[in-house]
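Asker: got a predicted model here, sequence first, then my questions.
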Amino acid sequence: MSEKTVMVVVKSKPYSSLNYYEALRTASGLLSQHRVILVWMGDGVYAALRNADKTLTSQFFEIFQGMEIKLYVEEEALKERGFPEGDVIPDAEVVDRGKISALLLSAQASMVF
């Protein structure tokens, strides 16, 4: 199987369903054979906050450390919800929707949770 760039997009609130957990589980499973881009957009940005409850998801962030995964948070969604860029998890880069669109166009596959 050839390596592909796969974009995993988290748009759902982390506290209303298991979509967020499944997004991280999927991203971690893809890492062994693909380049993974993980993006938090819309209400998904609540999960990318430094102080968000990570009881169920901390294991995935441990897996991500040292792996070649790109983490991005939508700038506009943060601003719309009143959060400064400094409130996001340490390894994530805050980017605008234009950059996210470019990332999506560069990916060979995408999944939205």
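Answerer: Perfect, I can see it now.
Asker: would you say K70 is within a helix?
Answerer: No: assignment of K70 by DSSP: H, G, I helix; E, B strand; the rest coil gives strand, placing it outside any helix.
Asker: I'd like to know how many residues surround it.
Answerer: For K70, the count of nearby residues is 15 (other CB atoms under 10 Å). Every residue, glycine included, has its C-beta placed from N, CA and C.
Asker: surely T26 and M111 touch.
Answerer: Yes: assessed by CB atoms under 8 Å, T26 is found in contact with M111 at 6.4 Å.
Asker: who touches both of those two?
Answerer: Counting by CB atoms under 8 Å, 6 or more residues apart in numbering, the common neighbours of T26 and M111 are V8.
Asker: where do the helices sit along the protein?
Answerer: 19-30, 58-64, 75-80, 97-106 (DSSP state H).
Asker: name the residues that touch the first one?
Answerer: Right, the one you point to is helix 19-30. 6, 8-10, 12-14, 36, 38, 44, 47, 56-57, 60, 63-64, 69, 111, 113.
Asker: in that helix, what's buried?
Answerer: Of the residues in helix 19-30, N19, Y20, A23, L24, R25, T26, A27, S28, L30 count as buried by neighbour count, 16 or more other CB atoms under 10 Å.
Asker: what about it, distance to the chain center?
Answerer: Chain-centre distance of helix 19-30: 9 Å, with CA atoms, centre = their mean, to the nearest Å.
Asker: likewise the shortest one?
Answerer: Centroid separation between helix 75-80 and its chain, computed with CA atoms, centre = their mean, is 15 Å.
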